[in-house]
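Enquirer: sequence and predicted structure, then a few things I'm wondering about:
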Amino acid sequence: MRQVVLDTETTGLSWERGNRVVEIGCVEFVQRRPTGRTFHQYLNPGCAFEPGAQEVTGLTLEFLADKPRFADIVDAFLAFIDGAELVIHNAEFDLGFLDHELRLLGDHYGCVRDRCAVEDSLLMARRRYPGQRNSLDALCRRLGVDNTARQLHGALLDAQLLAEVYLGLTSGQGEIGFADAVAATDVAVVRFASAAAQPRPRVQVGAGDAQAHEARLATLRSRAGTAVWDRHAAIANAGGEPCDAPVAMPA
């Protein structure tokens with residue numbers, strides 16, 4: 001499973017008022033392990049910051065003046081996220097801005113959800129910690145993630161912190177037995193010829209194993225509020241894919 005933890009910085013709080021994206025930061029994970037691949041880009045927004053927004057990011061129009069426009073990096077950005085599950089804190093905010101940037105370039109780009117599934121870590125945190133503060137800083141403190149370097153908002157740093165927070169929110173699900181850490185290089189995808197595929201043997205699960213499996217799932221649900229197994233089981237039982245499933249990738 002390929003996931004991309006994503007964050008953006010913007011010139012203000014509302015794209016409807018003409019605000020634009022000034023920074024994008026992404027961190028790639030495969031099977032819950034960092035691959036070492038990142039996407040980071042500052043952008044020239046072509047507009048001024050709203051009052052207060054510049055102080056949050058520490059960015060200035062002078063610094064951004066020689067940076068590319070979104071149109072210049074859109075293809076590289078979409079290639080990086082295509083087919084992944086995006087992990088975003090307060091996803092509707094970032095997606096609203098990114099979809100607006102895509103619309104400005106033409107309807108042929110569609111929207112981000114056309115290309116990726118989306119997991120909102122803010123909604124996950126609210127389910128796990130109802131009634132508590134669930135900002136990124138609050139979650140870092142609660143989950144023991146070191147955020148002392150975060151004096152200002154920065155997209156790549158925040159994506160890296162969010163990646164650690166997300167692993168903490170879903171703790172326990174990384175213990176199922178995923179493969180060893182992926183090397184910090186581009187991920188190589190191995191394609192198997194379908195003609196060589198052989199029928200798989202049917203495995204009969206004993207009652208004891210089934211009970212142990214259910215107990216393990218119960219532990220995961222109690223820790224993280226949900227278990228990845230549940231979603232895949234629901235898909236298999238329905239005989240299809242969820243409407244927000246990413247584009248199928250070779251296994």
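Expert: Thanks, I have it. Residues are numbered from 1 along each chain as shown.

Enquirer: can you count the residues close to Cys47?
Expert: 14 (other C-beta atoms under 10 Å). For the C-beta atoms, the positions are set from N, CA and C on the backbone; glycine is no exception.

Enquirer: next one: Ala84
Expert: Residues lying near Ala84 (other C-beta under 10 Å) number 24.

Enquirer: pLDDT weak spots in the chain?
Expert: Counting by pLDDT under 70, the chain has low-confidence residues at 150-152, 172-206, 208-210, 213, 219-220, 222-251.

Enquirer: got the contact list for Asn147?
Expert: Asn147 is in contact with Leu136, Asp137, Cys140, Arg141, Leu161, counting by C-beta atoms under 8 Å, 6 or more residues apart in numbering.

Enquirer: separation between it and Ser14?
Expert: Distance of Asn147 to Ser14, given as C-beta to C-beta, to the nearest Å: 26 Å.

Enquirer: then Leu78?
Expert: The gap separating Leu78 from Ser14 is 24 Å, by C-beta to C-beta.

Enquirer: for the stretch 51-200 of the chain, what spans make up the helices?
Expert: Along the stretch 51-200 of the chain, counting by DSSP state H, counting those that start in this stretch, helices occupy 53-57, 61-64, 70-81, 91-105, 121-128, 136-143, 155-169.

Enquirer: would CSV of the ones you listed with distance to Ala207 and mean neighbour count be doable?
Expert: Formatted as CSV, these follow (distance: least, C-beta to C-beta, whole Å; neighbours: other C-beta atoms under 10 Å):
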stretch, distance to Ala207, mean neighbour count
helix 53-57, 57, 15
helix 61-64, 63, 13
helix 70-81, 43, 16
helix 91-105, 41, 18
helix 121-128, 32, 18
helix 136-143, 37, 17
helix 155-169, 33, 22
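
Enquirer: farthest-separated two in the contacts of Asn147?
Expert: Farthest pair in those (C-beta to C-beta) is Arg141 and Leu161. Separation: 11.3 Å.

Enquirer: circling back to that earlier point, and the helices of the stretch 51-200 of the chain: which comes nearest Val5?
Expert: Among these, the nearest to Val5 by C-beta to C-beta is helix 155-169 (4.3 Å).

Enquirer: what inclination does that closest one have with respect to helix 136-143?
Expert: For helix 155-169 against helix 136-143, the angle by axes from the mean of the first three to the mean of the last three C-alpha atoms, to 10 degrees is 40 degrees.

Enquirer: helices and strands around helix 155-169, which ones?
Expert: strand 2-10, strand 21-30, strand 33-42, strand 85-88, helix 121-128, helix 136-143 (3 or more C-beta pairs under 8 Å, 6 or more residues apart in numbering; DSSP states H and E).

Enquirer: can I get the fifth one as PDB, trimmed to CA atoms?
Expert: Extracted as PDB, the C-alpha positions of helix 121-128 are listed here (Å, rounded to 0.1, in the frame of the first residue of the first chain):
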ATOM      1  CA  SER A 121      -6.000  12.500  10.100                       C
ATOM      2  CA  LEU A 122      -8.000  15.200  11.800                       C
ATOM      3  CA  LEU A 123     -11.200  13.200  11.600                       C
ATOM      4  CA  MET A 124      -9.300  10.100  12.900                       C
ATOM      5  CA  ALA A 125      -8.000  12.100  15.800                       C
ATOM      6  CA  ARG A 126     -11.400  13.500  16.700                       C
ATOM      7  CA  ARG A 127     -12.800  10.000  16.800                       C
ATOM      8  CA  ARG A 128      -9.900   8.800  19.000                       C
END
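
Enquirer: quick one: contacts of it?
Expert: Contact with helix 121-128 is made by 87-91, 134, 139, 162, 165-166, 169-170, 224-225, as judged by C-beta under 8 Å, 6+ apart.

Enquirer: repeat the analysis, applying 10 Å as the threshold.
Expert: Here helix 121-128 makes contact (C-beta atoms under 10 Å, 6 or more residues apart in numbering) with 5, 87-93, 120, 132-136, 138-139, 142-143, 162-163, 165-166, 168-170, 223-226.
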